[in-house]
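1. no FASTA, just this:
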């Protein structure tokens, strides 16, 4: 069943065999039943094997709630999230999360940070270091194995987090605005790194972001969310050639996609802005 | 950064020299004052003995096997009290601190029990554990427990929430969460709690020994007092003062190393 608007270019393919991840009619509200805040309103979409899908929406549209639900960190919602055909119930080994916030362990050096999931699984030190090293090289941090996070830049720390998640070899890489705290140039370059890793591992990825450039640069498909309640507004295929680099941002096709998605988002974002402004006015009136 | 940890070193060498001069000068003034009072005869000679006899008493004490037997008894009591009290305190602190409803339910108990002087439970401990070391360990562990449990519960609240989410996303077990995330993340508040717990364990154990016991340094203090052997009494007090200071310094060193790693 799909509640998405007719403009949706893709029918929801919850029956398809090659779906790595299916978000099926997920609904989540906060607060009391008489005055609920609906964060996620019957959202349905899927991520196919090897595909890079981005969920984009304005601030406050329920993206992070969706992230927590798919990651299994938030219960008490309606609908279903499936990995393959298996409904998830709590954190699932097939889903590897990368958080928006600074999430490296400050007391562990780079290699110990990256090896953390292997350590939890009781894998011996030699093997876990060897496997961690592979992903440290992949994210371009070779030579920094013994450094503490406090000795690294923000972009490097975020790459440590990504390597730490990749080392657990998740079927689906789930990222919540992993570059939010970084500057635009670092963001573009890290985007290249992500594209490269994704192609190398054929990594199924679901990215959650509010950043248009990032979304178009990286994705095969983009799910546009509405502002409060968070619904699927439209799903857009991005037919830009692969392998892709950040050079793609200067192409005409790229600009066309950005403009098209911005057309969809503008209305949502301005509703979001009006909403937060009216809150600010109310707060000011209250003193 | 080291505001919670006593830092005696100063980076500025000139200032460090001045500080050291003041410290040494103060100690000399104190000793001269003591000696002057002793010789002036304001107090009975026996109440404020001269420095010579005190030094002699210390010299005799450190050669006396009885002193070492008592020192060992007290050290054992304090070590056991610290170990048991800290282990239980950390475990309870983590359990209470990891669940908001538990912390809401139990923290008032710990909070209001913490400042109650533990020594009033001493008669109960004597009935339960006898007049030997066991009752002192129980009392010391009890006083240490509250301090460490409060410090740990507080440390739990300061842990960056995203680190807990990371642990959960990798499906860490409760024990893995405790040992690989909670404890390393709050090692500084917990170590400071243990240091404070050590202080209260020393106070409680020695206080209990002076009340009712058959061994330990507190017991020895009361014995010298009952013999009115003032030089030995003061000598013993100085030795206890030094030992407690050393213990605190060692724990402080631990906390400092954790700070820098």
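-> Great, that's in hand. These figures come from a predicted structure and were not determined experimentally. Numbers count the residues shown, from 1 in each chain, chains lettered A, B, ... in the order given.
2. contacts only, for the residue in the stretch 151-287 of chain A that chain B sits nearest to.
-> Residue nearest to chain B within the stretch 151-287 of chain A: residue A:168 (6.6 Å; Cβ to the nearest Cβ). Using the backbone N, CA and C atoms, a C-beta is placed for each residue, glycine as well. Under the criterion of Cβ atoms under 8 Å, 6 or more residues apart in numbering or on different chains, the contact list for residue A:168 reads A:93, A:96, A:117, A:118, B:170.
3. just the buried ones from those residues?
-> Neighbour counting with 16 or more other Cβ atoms under 10 Å in any protein chain shown marks A:96, A:117, A:118, B:170 as buried within these.
4. what about the nearest residue to the third one once chain neighbours are set aside, which helix or strand?
-> Take residue A:118 and drop its neighbours on the chain: the residue closest to it by Cβ to Cβ, 6 or more residues apart in numbering or on different chains is residue A:128, 3.8 Å away. Assessed by DSSP states H and E, residue A:128 sits inside helix A:125-138.
5. how about residue A:243?
-> Under DSSP H and E, no helix or strand contains residue A:243.
6. where does the stretch 51-200 of chain B have low pLDDT?
-> The model of the stretch 51-200 of chain B has no residue with pLDDT under 70.
7. chain A contacts on that one?
-> B:160, B:162-163, B:165-166, B:168-172, B:176, B:180-181, B:184-185, B:187 (Cβ under 8 Å from any Cβ of the partner chain).
8. just the buried ones among those residues, please.
-> Listed as buried from those are B:163, B:165-166, B:168-172, B:176, B:180-181, B:184-185, B:187; burial here means 16+ other Cβ under 10 Å.
9. just these: which are in helices?
-> Counting by DSSP state H, these place B:163, B:165, B:166, B:168, B:169, B:176, B:184, B:185, B:187 in helices.
10. just flag the most distant two among these.
-> With distances taken as Cβ to Cβ, the most widely separated pair in these is B:169 and B:187, at 22.6 Å.
11. could you give the mean pLDDT of stretch A:98-118?
-> Taken as a whole, stretch A:98-118 has a mean pLDDT of 95.
12. so how far is the first residue of it from its last?
-> Taking Cα to Cα, to the nearest Å, the first and last residues of stretch A:98-118 lie 16 Å apart.
13. show me the strands in chain B, by range?
-> Per DSSP state E, chain B has no strands. Nothing in it meets that criterion.
14. give me every residue that touches the residue nearest to residue A:118.
-> Counting by Cβ under 8 Å, 6+ apart, residue A:128 has contacts A:115, A:118, A:119.
15. just to revisit the earlier point, quick one: distance of the next helix or strand after the helix holding residue A:128 to the chain centre.
-> Counting by DSSP H and E, the element after helix A:125-138 in chain order, helix or strand, is helix A:154-166. Centre-to-centre, helix A:154-166 and its host chain are 14 Å apart (Cα atoms, centre = their mean, to the nearest Å).
16. quick one on the thing from earlier: and the pLDDT at the residue nearest to residue A:118?
-> On pLDDT, residue A:128 comes in at 95.
17. distance of whichever residue of the stretch 101-250 of chain A sits closest to chain B from residue A:197?
-> In the stretch 101-250 of chain A, the residue that lies nearest chain B is residue A:101 (4.2 Å; Cβ to the nearest Cβ). Using Cβ to Cβ, to the nearest Å, we find residue A:101 at a distance of 21 Å from residue A:197.
18. looking at the ones in helices among the buried ones among the residues of the stretch 51-200 of chain B next to chain A, which one is closest to residue B:150?
-> residue B:187 (16.3 Å).
19. surely that closest one meets residue A:106?
-> No: applying Cβ atoms under 8 Å as the test, residue B:187 and residue A:106 come out as separate, 10.9 Å apart.
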